[in-house]
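[1] For reference, the sequence and a predicted model appear below.
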Amino acid sequence: IEETLGVPLNPTRFRPNILVDGLPPWEEFNWVGKQITCGSVRLRVLTRTIRCDGVSIDPMDPLVKLDIPRLLTTHYPKHGPYLGVYAQVDEGGTMNIGDMVGETR
């Protein structure tokens, strides 16, 4: 998204609980309805996350405002204003920075 928009986006603007690196763009959408594992935690991916205007403001620099939902819809019409997914814990455990994340087989 940063490459398309030509501006850096601080991930904190999206208020994530878990950040995953190294996946192809939009890969998390393929997990909807499936179980994933991160460390020893099993999560059920429920739905894609629709992005509201709240993510348009960078919490680290509130003077920088970008209409993220509109930009997502304009530049990625196949996905609309969605970015990220909601998940619930199916089985608790431990996850650490650097743990692999992937679909449970």
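    Everything's here; your move.

[2] Contacts made by stretch 29-49 with the rest, please.
    Contact with stretch 29-49 is made by 18, 28, 79, 82-96, 99-104, as judged by Cβ atoms under 8 Å, 6 or more residues apart in numbering. Heads up, the C-betas are built off the backbone N, CA and C, glycines and all.

[3] mean confidence for that stretch?
    For stretch 29-49, mean pLDDT rounds to 97.

[4] Pull out the buried positions in stretch 64-74.
    By neighbour count on 16 or more other Cβ atoms under 10 Å, the buried set for stretch 64-74 is Ile68, Pro69, Leu71, Leu72.

[5] again, but for stretch 79-97
    Neighbour count says stretch 79-97 has Pro81, Tyr82, Leu83, Gly84, Val85, Ala87, Met95 buried, by 16+ other Cβ under 10 Å.

[6] and the fourth one, what is it in contact with?
    Contact criterion Cβ under 8 Å, 6+ apart gives Phe14, Pro16, Glu28, Arg48, Thr49, Arg51 as the residues in contact with Gly84.

[7] farthest-separated two in the buried residues of stretch 64-74?
    Pairwise distances across the buried residues of stretch 64-74 peak at 7.4 Å for Pro69 and Leu71 (criterion: Cβ to Cβ).

[8] Quick one: the strands in the protein, in order.
    Ranges of strands in the chain, per DSSP state E, are 35-38, 41-50, 57-58, 61-65, 82-91, 101-103.

[9] so which of these comes closest to Leu23?
    Going by Cβ to Cβ, the one of these nearest Leu23 is strand 101-103, 8.0 Å.

[10] ok now the worst-scoring helix or strand of the chain on mean pLDDT, how far from the chain's centre?
    Lowest on mean pLDDT, DSSP states H and E among the helices and strands of the chain sits strand 61-65, with a mean of 85. Centre-to-centre, strand 61-65 and its host chain are 20 Å apart (Cα atoms, centre = their mean, to the nearest Å).

[11] Direction included, what does it pair up with?
    Strand pairing for strand 61-65, using DSSP bridges, gives strand 57-58 (antiparallel).

[12] Let me see the mean pLDDT of the partner strand.
    Averaged over strand 57-58, pLDDT sits at 90.

[13] Check the offset of it from the chain's centre.
    Remark: strand 57-58 is offset 16 Å from the chain centroid, using Cα atoms, centre = their mean.
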